[in-house]
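Participant: structure for this input, please:
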Amino acid sequence: MAIRTLLTVAVLGAVTAVLLHLTAGRPAAPPPPAAAREPRLVRVTDPPSAPVRLRIPALGVAAAVQPLALAPEGTLDPPSFRHAMKVGWYAAGPRPGEPGPAVLVGHRDAPANPGTVPVRNGRDDIKNAVFAKLGRLHVGDLIETESGDGTRQPFRVTAVDTYLTRRFPTERVYGPVPDPQLRLITCGGVIDANGHWDSNVVVSAAAVR
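Facilitator: Here you go, the predicted model:
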């Protein structure tokens with residue numbers, strides 16, 4: 001199993017689902033060992049309107065946002081383990097503040113020394129990442145995005161859900177909506193015998209007008 005999938009198989013599973021929904025593509029192959037490469041950043045059009053920062057005051061999160069695209073195998077990687085405190089935004093989808101669900105992904109945890117194989121046997125080689133506490137949010141909590149021109153768009157949490165990856169409700173999470181919304185995604189559930197998170201935490205939020 002690839003190093004990154006040990007920690008992010010749930011994130012990748014859910015993001016693959018959204019990408020299939022948004023691009024009507026065929027099922028993607030499993031990603032190659034991600035420790036050997038960085039995710040593919042993209043040059044966005046109209047940078048002033050693209051998100052550059054995400055704030056979640058209740059969790060003490062103030063994170064830089066990276067615009068990401070599909071990898072050659074059709075998946076969207078979260079930021080690399082070297083940037084485990086950054087958030088990835090699916091740049092081919094809606095921007096925060098535009099109608100539809102803007103997709104933001106992040107690690108729940110990461111190797112303390114990127115490039116090494118994480119071990120879950122009590123050794124101190126796993127650290128919390130940017131979305132470590134995402135599942136602790138509550139309905140009504142504030143989330144704020146900041147775009148390149150300094151514009152801040154507030155959102156309020158409308159739902160905090162955990163879905164088994166193998167039963168991820170693609171249409172419910174990523175289906176079209178008429179108003180600006182966010183979908184924040186990370187790993188969740190429990191860690192199985194193979195070291196995989198078995199679920200996704202999905203936080204939904206709606207723009208505050």
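
Participant: use CA for all of it now, contacts and neighbours both
Facilitator: Noted.

Participant: please verify my assumption that L70 contacts R40.
Facilitator: Yes: the pair L70 and R40 qualifies as a contact (C-alpha atoms under 8 Å) at a distance of 7.3 Å.

Participant: can you pull out the helices in this structure?
Facilitator: For the chain, applying DSSP state H gives helices covering 3-23, 170-174.

Participant: next one: the last one to chain centre, how far?
Facilitator: When C-alpha coordinates are averaged (C-alpha atoms, centre = their mean, to the nearest Å), helix 170-174 and its chain have centres 15 Å apart.

Participant: which elements pack onto that helix?
Facilitator: helix 3-23 (3 or more C-alpha pairs under 8 Å, 6 or more residues apart in numbering; DSSP states H and E).

Participant: what mean pLDDT does the helix it packs on have?
Facilitator: On average, the pLDDT along helix 3-23 is 43.

Participant: again, but for stretch 105-113
Facilitator: Averaged over stretch 105-113, pLDDT sits at 87.

Participant: low pLDDT regions in this structure?
Facilitator: Within the chain, the ranges that satisfy pLDDT under 70 run 1-37, 73-76, 114-124.

Participant: swap the cut-off to 90 and go again
Facilitator: 1-43, 69-82, 109-127, 165-166, 168, 170-171, 173-175, 191-197, 209 (pLDDT under 90).
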